[in-house]
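**Student:** I would like to see how this sequence folds:
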Amino acid sequence: MIYFRIMERVIATLLLSVSFLSCNQAQTSTDLWRSAAEQYENADYRGALINYQLVEAEMVSSELYFNLGNCYYHLDSVAQSILYFEKAIKLNPRDRAARENLSLALSKIEDPIPAIEEFFLRRWVNGMSNVIPPFGWGLVCIALLWFTVWMLVRSVKRDTLRQDKFRLGVPVAFFLFCLFGSYMAYQNQMDSDYAIVMEPIEVKVAPDSLSAITRSVAAGEKVLIIDQLDAYYKVRFVNYEHGWLPKPVLRRI
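**Tutor:** Below is the predicted model of the structure:
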C-alpha cells in the first residue's frame, strides 16, 4: 500500500510539472509573438524576426510563416521570404495575402527562369484543390457516394435501372472528379519535394564538382527535387529543365 501511495504522489507531481511547463511555454510563445508584432509595427524587422524565430522553435502555423516571410522581405532576404511565403501557402492554400506577398517577392528575383505554362485542365484542378481542403473534398465524396448508392437502390426497386443509367452516371462522374480533387489537395498539402534555392549557384550536368555547367540559377527559384546522390540533389526547374545542385543551397518547403 505504501508503495502505491508513493507512486501516486510521483505521478501526480510529474503531471503537475508537465502542466506547468506547458502553460509556461504557451505564455512564453504569446509574449514573444506580442513583442514581435510590436517590433514589426515599429519597423524593427530584425528584432521581430528574432522573436518570430524563437516562436518557430516551439510551434508552426501559416500565420507564423507569413510573418517570417514579411520580416525577411523587408530585410531584402528574397530567398528566405519566398521560402516562408511558400510554407504559409502549403499550410493554408487559401491564404490570399501570402500569395500576394509571394508574387511581390518573386518579382525581386534577378533573371528568373521563365516557367512553362501548365496544361489548362491540370491548372484548373490544382486551383480547385487549393480552394477546398482535403477534408472538404472527402466530405463531398462521401455525400456523392451515398447519393449514388441511394439512386442505385431506388432504380433496382423500381426496375428502372436501364432507364436511369445516365442519371446514375452523373453522380458517379462527380464522385470520381471529387476523389481526384481530394488526392490533388492532399498531395499539394503534404508534398515536401519542392525546395527554394537560397543563393545564386551554377547548375551542374552531373553530381560532381568538376562537372560541366549548364546554367546559373538565382536565389529564390523554386525547384522540384527528383533524385539525390552524395552531396547533390537532382532538380527540375519551372521550365522542366534538369540539373544537379549542392544540397546545402536548397531549403525544402
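**Student:** Could you use CA atoms for every contact and neighbour count after this?
**Tutor:** Noted.
**Student:** residues touching residue 50, list them.
**Tutor:** By C-alpha atoms under 8 Å, 6 or more residues apart in numbering, the contact set of residue 50 is residue 36.
**Student:** In the protein, what helix or strand scores lowest on average pLDDT?
**Tutor:** Taking mean pLDDT, DSSP states H and E as the measure, the helix or strand of the chain with the lowest value is helix 2-41, at a mean of 61.
**Student:** can I have stretch 244-253 written out in PDB, keeping just the CAs?
**Tutor:** Output of stretch 244-253 as PDB, limited to C-alpha atoms (Å, rounded to 0.1, in the frame of the first residue of the first chain):
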ATOM      1  CA  TRP A 244      22.300  19.000 -60.200                       C
ATOM      2  CA  LEU A 245      22.700  21.400 -57.200                       C
ATOM      3  CA  PRO A 246      24.600  21.000 -54.000                       C
ATOM      4  CA  LYS A 247      22.300  20.100 -51.100                       C
ATOM      5  CA  PRO A 248      23.300  23.000 -48.800                       C
ATOM      6  CA  VAL A 249      22.000  25.600 -51.200                       C
ATOM      7  CA  LEU A 250      18.400  24.200 -51.100                       C
ATOM      8  CA  ARG A 251      15.800  24.500 -48.300                       C
ATOM      9  CA  ARG A 252      12.700  22.300 -48.500                       C
ATOM     10  CA  ILE A 253       9.400  24.000 -48.400                       C
END
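**Student:** Next, report how far it is displaced from the centre of its chain.
**Tutor:** 17 Å (C-alpha atoms, centre = their mean, to the nearest Å).
**Student:** One more: stretch 196-206?
**Tutor:** Worked out by C-alpha atoms, centre = their mean, stretch 196-206 lies 22 Å from the chain centre.
**Student:** I'd like the distance between the residue nearest to residue 67 when sequence neighbours are not counted and residue 43.
**Tutor:** Leaving out its chain neighbours, the residue that sits closest to residue 67 by C-alpha to C-alpha, 6 or more residues apart in numbering is residue 52, at 7.7 Å. Using C-alpha to C-alpha, to the nearest Å, one obtains 14 Å as the distance from residue 52 to residue 43.
**Student:** Those two: which is more packed in?
**Tutor:** Each of residue 52 and residue 43 has its neighbours counted (other C-alpha atoms under 10 Å); residue 52 has more, 23 against 13.
**Student:** Could I get the buried residue list for the helix or strand encompassing the more buried one?
**Tutor:** According to DSSP states H and E, residue 52 maps onto helix 45-56. The neighbour-count check on helix 45-56 (16 or more other C-alpha atoms under 10 Å) flags 45, 46, 47, 48, 49, 51, 52, 53, 54, 55 as buried.
**Student:** Next: stretch 147-154.
**Tutor:** 147, 148, 151, 152.
**Student:** Can you check the pLDDT for the closest residue to residue 37 other than its chain neighbours?
**Tutor:** Using C-alpha to C-alpha, 6+ apart and skipping the chain neighbours, the partner closest in space to residue 37 is residue 48 (6.7 Å). Residue 48 is assigned 96 on the pLDDT scale.
**Student:** about what we covered before: so the residue nearest to residue 67 makes contact with residue 33?
**Tutor:** Yes - using C-alpha atoms under 8 Å, residue 52 is in contact with residue 33, at 6.5 Å.
**Student:** Confirm for me that residue 47 is in contact with residue 37.
**Tutor:** No - in this structure, residue 47 is not within contact of residue 37 by C-alpha under 8 Å, at 9.9 Å.
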